[in-house]
Every structure is written in C-alpha cells, then in structure tokens.
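[1] sequence first, then the predicted structure:
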Amino acid sequence: MYAAACIVLASCVGIDTKAKINTNGTVDVSIRYVVSNAADELGKLGANAKYLPLPVGEADLSLAASRAEGEIRSWSRKDGNESFTIDAVLRFPNPGSFARFMDPAGTLVSYTEVNGRSTLEMILASGTTPADPNVVSFMQLAFGDYMVAITIELPRAPSASQGFTVKGTSATFSMKAADLYASSTPVKVTISW
C-alpha cells in the first residue's frame with residue numbers, strides 16, 4: 001500500500017526542470033511543477049507529506065536548496081481549479097550541490113569528477129510497479145497529462161549519455177509522470193562531459 005500511495009501521489013505532479021551548468025561551475029536551475037490539488041491535500045495530512053516528491057512551499061524549497069549550499073532566487077505559485085503551478089529559480093555553487101539538492105540521501109542522484117570527466121546520474125524511477133494493476137490504470141487515466149521533463153545545458157558537448165536526447169550541449173529527457181513512476185524497470189539517465 002505504501003508503494004502504491006507513493007506512486008499515485010508522485011504521478012499527480014508534472015515537473016519541468018532546466019539546469020544550466022555554467023563554465024565557472026555554478027548551476028542555474030529553473031523548476032516548474034504542476035501539482036494536482038488532490039495530491040496537495042493528501043500531502044498535508046501529516047503522515048502523507050512524505051509521499052510528495054518535492055517541497056511545494058517557498059520556505060521548504062528554500063530550506064532544501066540551502067541544505068545543498070544553494071539558494072532560491074525566485075519563487076511563485078499560481079492556483080488553478082484542479083492544480084497549482086510553482087515556478088522557482090535556484091542557484092548552486094557546483095553540480096555536486098545540485099545533485100545533493102535533487103537527492104539529499106545520495107542514493108538516486110550522483111555527481112562525480114574523474115580525470116577531468118564530469119558525470120551526473122539520476123535514477124528517476126526505481127522500477128517497482130504497484131501490485132494492483134488497477135492503480136496503474138487509475139494513474140494513467142487520472143494523471144496522464146502530467147509530464148516529467150529535464151533539460152541540462154552543459155558547458156561543453158557531452159562525451160557520453162544514457163536516457164537523454166542530446167543536441168549540441170543540451171541533454172533532454174521527457175516522459176509521462178504516470179508511465180515513469182509505474183515503470184516495471186528502473187528509469188535512469190546519465191550525462192558525462
């Protein structure tokens with residue numbers, strides 16, 4: 001049940017992240033996420049708050065950024081009838097701190113530098129589907145329009161990638177949120193430069 005609840009709530013969120021890794025090493029990030037009101041309400045119920053995959057309040061996002069040595073530059077929220085949209089701009093001093101922001105535990109997102117080669121790796125879904133196939137069907141029907149999109153602009157052309165579409169110095173990934181979180185196989189993206 002825990003896994004099913006996590007997957008349902010996570011699939012109620014659309015995320016569009018654009019990160020630019022500058023030549024001086026800093027990382028400028030713009031994040032837009034759309035959260036269904038149903039997921040927000042469930043997340044407010046104390047024990048369910050841990051199911052939302054990201055902080056939705058300005059103070060929570062600022063705290064998450066500062067714990068990774070980053071800072072929030074701007075934040076706004078626009079409420080709609082069935083969902084709300086958060087737009088935020090953040091800055092991190094280096095890709096390692098950006099990785100810690102994305103995953104403070106360090107188990108799903110990592111950044112390494114070896115012999116002048118930088119690599120950012122993200123596990124976006126663990127590959128654990130809910131035991132009940134009705135949960136997957138419900139997610140796809142109710143939240144099929146939510147997308148997870150990641151664009152990373154690199155300071156130079158990538159030397160290797162997995163899961164990203166690369167064009168010049170830009171690497172992109174996009175997938176429906178319900179399909180991503182219900183994937184029976186792990187979904188991992190990696191970019192090296």
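    Nice, thanks for sending it over.

[2] return the residues in contact with Pro104.
    For Pro104, the set of contacting residues under the criterion of CB atoms under 8 Å, 6 or more residues apart in numbering consists of Ala64, Arg67, Ala68. Quick note: C-beta positions are derived from backbone N, CA and C, even for glycine.

[3] just checking, Phe101 touches Glu71?
    No. Phe101 sits out of contact with Glu71 when judged by CB atoms under 8 Å, with a separation of 10.5 Å.

[4] tell me, what's touching the two both at once?
    Once CB under 8 Å, 6+ apart is applied, the residues that Phe101 and Glu71 both contact turn out to be Ala65, Leu90.

[5] these two: who's more crowded?
    Of the pair Phe101 and Glu71, Phe101 is the one with more neighbours under other CB atoms under 10 Å, namely 21 against 13.

[6] contact partners for the closest residue to the more buried one other than its chain neighbours?
    Closest residue in space to Phe101, ignoring its immediate chain neighbours: Ala68 at 3.7 Å, by CB to CB, 6 or more residues apart in numbering. Contact analysis of Ala68 by CB under 8 Å, 6+ apart lists Phe92, Ser97, Phe98, Arg100, Phe101, Pro104.

[7] let's go with 10 Å and repeat that
    Ala68 sits next to Leu90, Phe92, Pro93, Gly96, Ser97, Phe98, Ala99, Arg100, Phe101, Met102, Asp103, Pro104 when contact means CB atoms under 10 Å, 6 or more residues apart in numbering.
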